[in-house]
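Chemist: A structural model of the following input is requested.
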Amino acid sequence: MPSTSAMRQAGSSAAPWVERLARLGYISKGTVYVILGLLAAAAGAGMGGETADRRETLDFILRQPFGRVLLLVIAVGLLGYAFWRISSGFADSERRGNGLKGMAMRIGSIVRGALYAGFAIEVIRLAKGHAQGSGGDASTRHWTQRVMSEPFGRWAVALAGAIVIGYGVYQLYRAAASKLGNQLRLERASGPARRLMVATSRFGMAARGIVFGVIGGSLIRAAFRHDSRAAKGTSGALREIASQPFGAWLLIIIGIGLAAYGVYSFVNARYRVIKAV
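Modeler: As a prediction, this is how the structure comes out:
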């Protein structure tokens with residue numbers, strides 16, 4: 001069986017422009033998560049922050065000096081990331097194979113790419129002043145209500161909640177097992193820097209996994225209560241965490257964790273192998 005090092009070397013490098021856009025995409029993701037997490041931590045500390053979702057984080061960026069320019073840069077990065085994810089999934093540039101696990105990972109890459117393409121379009125519309133609609137909580141409730149109005153809709157929402165919880169559990173497993181991905185060449189970093197990056201990344205994945213778990217649980221509750229108001233997005237999940245005993249401290253920890261996940265995206269931007277498409 002080939003070694004991990006050999007697997008990392010498999011496949012050729014992506015075209016320079018694809019690689020640059022993919023890395024810019026990781027930086028864009030990281031920027032959004034860092035700001036989202038710091039806003040949540042500030043809210044928990046009573047420093048005037050808010051439990052934001054991605055849309056509200058983008059609004060925060062837009063209000064800053066040169067906010068529109070920054071949003072457009074983020075959008076370009078997200079589009080590059082989406083293109084790389086989708087094309088990589090179809091071309092199997094990361095050598096996942098055609099087995100059950102390989103196909104699941106390739107389909108997951110395509111789905112992630114499509115979601116980030118949609119996110120990029122939302123960023124562009126917001127930067128141009130054309131975006132309308134509410135934040136993540138209202139959007140989640142809207143789509144939950146629409147799905148539940150269809151035949152077997154409640155079961156579909158419950159299944160979606162279970163899938164989201166499953167993804168959250170997978171993130172917690174990755175954090176516990178220190179599975180940051182075979183495509184990261186962290187050996188390029190010094191020992192202390194590598195240990196710090198690994199610890200920060202694991203903390204970030206765990207925090208993100210908890211948030212996904214809360215969101216998934218809210219979808220299941222909405223389905224069984226037949227009440228879309230129970231469904232929550234990211235900001236609603238953070239508010240639910242804040243409502244628990246010692247909620248302010250929990251919100252600070254989770255907020256810092258989400259910012260740490262942003263750092264994990266920066267680590268990917270610097271050290272991930274971007275394969276040819």
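Chemist: gap between the closest residue to residue 30 other than its chain neighbours and residue 215?
Modeler: The spatial neighbour of residue 30 that comes closest, neighbours along the chain excluded (CB to CB, 6 or more residues apart in numbering), is residue 265 at 3.3 Å. Every C-beta, even on glycine, is put in place using the N, C-alpha and C of the backbone. Residue 265 sits 19 Å away from residue 215, taking CB to CB, to the nearest Å as the criterion.
Chemist: quick one: which helix or strand includes residue 88?
Modeler: Secondary structure assignment for residue 88, by DSSP states H and E: helix 67-91.
Chemist: What helices and strands are in contact with that helix?
Modeler: helix 16-44, helix 54-62, helix 100-127 (3 or more CB pairs under 8 Å, 6 or more residues apart in numbering; DSSP states H and E).
Chemist: Out of these, which gets nearest to residue 240?
Modeler: Checking these against residue 240 by CB to CB gives helix 16-44 as the closest, at 12.2 Å.
Chemist: And the average pLDDT for the closest one is what?
Modeler: On average, the pLDDT along helix 16-44 is 89.
Chemist: gap between that helix and the chain center?
Modeler: The gap between where helix 16-44 is centred and where its chain is centred comes out at 9 Å by CA atoms, centre = their mean, to the nearest Å.
Chemist: where exactly do the helices run in the stretch 151-277 of the chain?
Modeler: With DSSP state H, counting those that start in this stretch as the criterion, the stretch 151-277 of the chain has helices at 153-177, 191-225, 234-242, 247-271.
Chemist: Worst mean pLDDT among those helices?
Modeler: helix 234-242 (a mean of 90).
Chemist: now for that helix, which elements pack on it?
Modeler: helix 16-44, helix 136-148, helix 191-225, helix 247-271.
Chemist: I'd like those laid out as CSV, including distance to residue 234 and mean neighbour count.
Modeler: Listed next are those as CSV, based on distance: least, CB to CB, whole Å; neighbours: other CB atoms under 10 Å:
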stretch, distance to residue 234, mean neighbour count
helix 16-44, 7, 21
helix 136-148, 5, 18
helix 191-225, 6, 19
helix 247-271, 9, 21
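Chemist: Check which residues of stretch 113-129 are buried.
Modeler: Across stretch 113-129, burial judged by 16 or more other CB atoms under 10 Å covers 113, 116, 117, 119, 120, 122, 123, 124, 126, 127.
Chemist: could you redo those residues as JSON lines and give each row distance to residue 177 and pLDDT?
Modeler: Conversion of those to JSON lines gives the following (distance: CB to CB, whole Å; pLDDT from 0 to 100):
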{"residue": "113", "distance to residue 177": "25", "pLDDT": "88"}
{"residue": "116", "distance to residue 177": "25", "pLDDT": "89"}
{"residue": "117", "distance to residue 177": "30", "pLDDT": "90"}
{"residue": "119", "distance to residue 177": "28", "pLDDT": "87"}
{"residue": "120", "distance to residue 177": "31", "pLDDT": "90"}
{"residue": "122", "distance to residue 177": "33", "pLDDT": "86"}
{"residue": "123", "distance to residue 177": "33", "pLDDT": "89"}
{"residue": "124", "distance to residue 177": "37", "pLDDT": "90"}
{"residue": "126", "distance to residue 177": "37", "pLDDT": "87"}
{"residue": "127", "distance to residue 177": "39", "pLDDT": "86"}
